[in-house]
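Novice: turn this into a model:
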Amino acid sequence: MQTISLKSNSPDTVIPLLRSAIEREKRILTESLRIAKEKISRISKALDIDVDKLMKGEIEHTESNEFLLLELEGEIELMRHLESELKELESVEICK
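Specialist: This is a model prediction of the structure:
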């Protein structure tokens, strides 16, 4: 883990603000993840497909399912990105 230094004329004010901002961002990411997972579940059930098979390229794209499959793949990629960001924020430690 690397250390990042910040300089401030009033660290006693800035540190709580940073902590609050990080917690707020984690809540936003968590809520966004919940929404993405709901969409993934809804679309995969509507198409009656296995998400793992889709991501391995084992699901055939047809004219009738193309739009929903693309939306589903996009939501899966978004979910992975949000999970990665949340993991990084959860590892942040603010020291004085």
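Novice: report the buried residues of the helix or strand where residue 69 lies.
Specialist: Per DSSP states H and E, residue 69 falls inside helix 66-90. Neighbour counts over helix 66-90 (16 or more other Cβ atoms under 10 Å) mark 69, 72-73, 75-76, 78-79, 82, 85-86 as buried. Placement of C-beta: from N, CA and C, glycine included.
Novice: so which of those residues comes closest to residue 44?
Specialist: Closest approach between the buried residues of helix 66-90 and residue 44, by Cβ to Cβ: residue 72, at 6.4 Å.
Novice: residues contacting the closest one?
Specialist: Counting by Cβ atoms under 8 Å, 6 or more residues apart in numbering, residue 72 touches 39-40, 43-44, 47, 51, 54.
Novice: pLDDT wise, what is residue 94 at?
Specialist: Listed pLDDT for residue 94 reads 89.
Novice: and residue 81, how far is that from residue 2?
Specialist: 22 Å (Cβ to Cβ, to the nearest Å).
Novice: one step back: TSV for the contacts of residue 72, including pLDDT, neighbour count and secondary structure?
Specialist: Below are the contacts of residue 72 laid out as TSV (pLDDT from 0 to 100; neighbours: other Cβ atoms under 10 Å; DSSP: H, G, I helix; E, B strand; the rest coil):
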residue	pLDDT	neighbour count	secondary structure
39	97	17	helix
40	97	20	helix
43	95	19	helix
44	95	19	helix
47	92	16	helix
51	92	18	helix
54	89	19	helix
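Novice: right, and the pair among these with maximum separation?
Specialist: 39 and 54 (13.8 Å).
Novice: and the pLDDT for the residue most central in space within the chain?
Specialist: By Cα atoms, centre = their mean, the chain has its centre lying nearest to residue 82, at 1.3 Å. Residue 82 carries a pLDDT score of 98 in this model.
Novice: how about the contacts made by it?
Specialist: Residue 82 neighbours (Cβ under 8 Å, 6+ apart): 29, 32-33, 36.
Novice: residue at max distance from the center of the chain?
Specialist: Largest centroid distance in the chain under Cα atoms, centre = their mean is residue 9 at 33.9 Å.
Novice: for residue 18, see how far away that one is.
Specialist: Taking Cβ to Cβ, one finds residue 9 at 15 Å from residue 18.
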